[in-house]
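Asks: Sharing a sequence plus its predicted fold:
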Amino acid sequence: MYSPLTILKKYLHYRFTSSNGKGHGVHSPFVFDFIDKVLNDKKERVCYKEIESLRESLLKDKTIIEVEDFGAGSSVIKTNKRRIDKIAASSLKSKKFAQLLHQIIEYYKPNHIIELGTSFGITSSYLAKANPSVIVDTFEGSSAIAQVARRNFEKLKINNINLHEGDFAKTFNTFLNNQNRIDFVFIDGNHKKEPTTQYFNMLLDKCSENTILVFDDIHWSKEMEEAWDFIKNNDAVTLSIDLFFVGILFFRQDFKVKQHFSIQF
Ligand SMILES: C[S@@+](CC[C@H](N)C(=O)[O-])C[C@H]1O[C@@H](n2cnc3c(N)ncnc32)[C@H](O)[C@@H]1O
């Protein structure tokens with residue numbers, strides 16, 4: 001992981017070199033539409049308040065749970081006793097980005113949603129509430145964390161989430177083998193180069209022209225930046241959008257040329 005100072009320098013570079021978030025100078029109609037209708041949609045949904053109040057309670061919860069740590073090879077390397085409030089403060093996607101994912105789902109209407117890395121289910125809840133008639137398959141290795149997520153789904157009366165518990169190396173591989181096509185995936189599990197590029201290669205086989213892949217923390221470390229470079233340059237990717245804290249990939253065939261955008265958000 002980069003030091004906080006390096007991340008700050010990289011973030012400032014992104015702020016100064018990326019397209020402004022109003023779409024000025026963006027010639028792609030698809031990207032302009034994305035900025036206008038999705039990025040700049042500031043409407044508060046009813047569920048935003050409910051999910052954020054649950055996040056607040058996690059941030060105050062001092063309960064200690066026993067959590068498995070997953071190594072680079074995806075095997076459990078050790079278990080740790082950790083406080084719920086500490087995990088909630090460090091692992092969950094921020095309100096701003098979780099709400100962006102909700103808005104992407106609402107706007108592009110994928111028929112099926114996948115999240116790799118559930119944690120306490122805060123982002124899963126945003127994904128599920130965006131379209132209650134669509135199933136969200138989410139994956140978590142730690143059973144104590146998964147238990148908290150399940151409790152949260154009950155509190156929010158969410159019925160369209162399947163939580164798959166266990167090491168991604170087993171659960172996710174088996175699951176993907178049984179899918180013909182994938183529509184939307186949020187990859188927020190193992191933030192290292194090898195697993196990230198490996199998940200991408202596995203997902204690639206199942207991508208169609210309407211698939212959207214979102215990778216978390218693409219500038220978090222040198223490894224993740226290398227992974228993002230490798231991924232966005234794959235021939236099948238026709239458009240990549242770098243929002244610094246997440247990277248979004250599209251596979252549509254109606255773009256004349258492949259394009260990479262970095263956009264302020
Ligand atoms: C960053 S958190 C996910 C946060 C969540 N997407 C959110 O925004 O609310 C990543 C989660 O992935 C799980 N994880 C990491 N590597 C894993 C692996 N190899 N197998 C199973 N779970 C794993 C961790 O236990 C952790 O809870």
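Replies: Done, it's in. Numbers count the residues shown, from 1 in each chain.

Asks: switch to C-alpha atoms for all contacts and neighbour counts from now on
Replies: Noted.

Asks: could you pull out the strands for the stretch 151-265 of the chain?
Replies: With DSSP state E, counting those that start in this stretch as the criterion, the stretch 151-265 of the chain has strands at 161-165, 182-187, 207-216, 239-242, 246-250, 259-262.

Asks: And the residue nearest the centre of this structure?
Replies: Geometric centre of the chain, nearest residue: residue 186, 3.4 Å, by CA atoms, centre = their mean.

Asks: List the beta-bridge partners for that one.
Replies: residue 115, residue 214 (DSSP bridges).

Asks: That one contacts residue 213, correct?
Replies: Yes - between residue 186 and residue 213 there is a contact at 6.2 Å, judged by CA atoms under 8 Å.

Asks: list the buried ones in stretch 224-235?
Replies: Using 16 or more other CA atoms under 10 Å as the test for burial, stretch 224-235 gives 224-228, 231-232.

Asks: Which of the residues you listed fall in helices?
Replies: 224-228, 231-232 (DSSP state H).

Asks: What separation do you get for residue 200 and the ligand?
Replies: Per CA to the nearest ligand atom, to the nearest Å, residue 200 is found 14 Å from the ligand.

Asks: What's the local residue count around that residue?
Replies: The number of residues packed near residue 200 is 20, by other CA atoms under 10 Å.

Asks: what about residue 252, how many neighbours?
Replies: Around residue 252 there are 16 residues (other CA under 10 Å).

Asks: Phi first, then psi, for it.
Replies: Residue 252 adopts backbone torsions of phi -60, psi 150, taken as degrees, to the nearest 10.

Asks: what's the answer for residue 159, then?
Replies: Here residue 159 shows phi and psi, under degrees, to the nearest 10, equal to phi -120, psi 0.

Asks: show me the contacts for it.
Replies: 132, 153 (CA atoms under 8 Å, 6 or more residues apart in numbering).

Asks: Which positions in the stretch 101-250 of the chain make contact with the ligand?
Replies: The stretch 101-250 of the chain has residues 117-123, 140-142, 166-168, 188-190 near the ligand, with proximity defined as CA under 6 Å from any ligand atom.
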